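pasting a predicted model and its sequence here:
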Amino acid sequence: MVDVRFCGHDWEERFVDVVRSAKRDLLLCSPYITRYGCEVVVGNISPECRSSGCVTLITDLSPDAICHGATEPDAIDFVGQQVSSVSVRHLPRLHAKVYVADERTAIVTSGNMTAGGLKQNYEYGIQLSGPNIVASIRHDLTAYADLGAHVDRGQLAQYCEIARDVRSQYEHARRSIAAAVRRRFQSVLRRAEDQLVRLRLAGGAMHTVFARTILFLLRTFGPLTTVQLHARIEAIHPDLCDNTVDRVIDGKRFGKKWKHAVRTAQQQLKKRGLIALREDRWYAIRGTEEETSSQPQVV
């Protein structure tokens, strides 16, 4: 019998449950691993697994990932300092994100062991429980990991030193690029970003996008304050939530422009009877099936 559960939105809680449930064996397969993900593991691993179990980390330690801060060897070494037995495997073309506790439960997901993967990005996956299917998943990953390089504690410590130097020199090189080249690059980058924003807003004004997002958030997570909505909207639409742009009227600043667009969306949705404000929290109002399934066109 296989138990299947969906892992969407805030799946970090499911990840924590998997880590806590491991008693003798925890397999963590993630191309990118940073300090945040490792601290979540160390902070939640069971005493049994910490003292007498084994943690297997399958990841990508390539210089490119290190240069961009996607993988932090020091963070992996931190796990080795806190857990009695850690096995590290390096696979440069790894793309799978799978987390297995013993042979009881596994999560197969799009999320890396990073702050973005665990709590900021929109990730999706499934959690599977059942000895046969989980054992099969673990066998596949272990067999593939055997094709990679085994990195012991001493080798990892040496590589951490090299990685710090690589990261430092990369940042130095990036800062040393001629100012004119940087300006040209920033100009081209801005044009690309502006074009993407135009595409994003092709269906209407900014508050139209925010209106759809507000309904999605309230129907998914339940009642939320405006502050909570701001945080979640900014996480979903970082390209539209420019905190460097204020709304200015008659020379006076009135806060961030995107937050005013959120307020406009809230008021329009309220007028249409799709949301309501009660005790500082916004609620989605369940109307007809047509209302709840259609995307609001706020004007």
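Arrived safely.

residues contacting His207?
Ala261, Val262, Thr264, Ala265, Gln268, Val298 (C-beta atoms under 8 Å, 6 or more residues apart in numbering). Yep, even glycine has a C-beta here, placed from its N, CA and C like the rest.

one more time with 10 Å, if that's ok
By C-beta atoms under 10 Å, 6 or more residues apart in numbering, the contact list for His207 reads 214, 258, 260-269, 298-299.

what helix or strand is it located in?
helix 206-221 (DSSP states H and E).

give the buried residues for that helix.
Of all the residues in helix 206-221, those buried under the rule 16 or more other C-beta atoms under 10 Å are Met206, His207, Thr208, Val209, Phe210, Ala211, Arg212, Thr213, Ile214, Leu215, Leu217, Leu218.

pLDDT-wise, what's the bottom of those?
The lowest pLDDT within the buried residues of helix 206-221 belongs to Met206, which sits at 85.

just checking, what packs against the top helix by length along the chain?
Identified as the longest helix of the chain according to DSSP state H is helix 153-176. Packing partners of helix 153-176 (3 or more C-beta pairs under 10 Å, 6 or more residues apart in numbering; DSSP states H and E): helix 63-67, helix 73-82, strand 86-90, strand 149-151.

again, 8 Å this time
helix 63-67, helix 73-82 (3 or more C-beta pairs under 8 Å, 6 or more residues apart in numbering; DSSP states H and E).

just the angle between that helix and helix 73-82, please?
150 degrees (axes from the mean of the first three to the mean of the last three C-alpha atoms, to 10 degrees).

okay, strands next: where are they in the protein?
All strands of the chain, identified by DSSP state E, fall at 3-8, 25-29, 54-59, 86-90, 97-101, 105-109, 124-129, 149-151, 246-249, 252-256, 275-278, 281-284.
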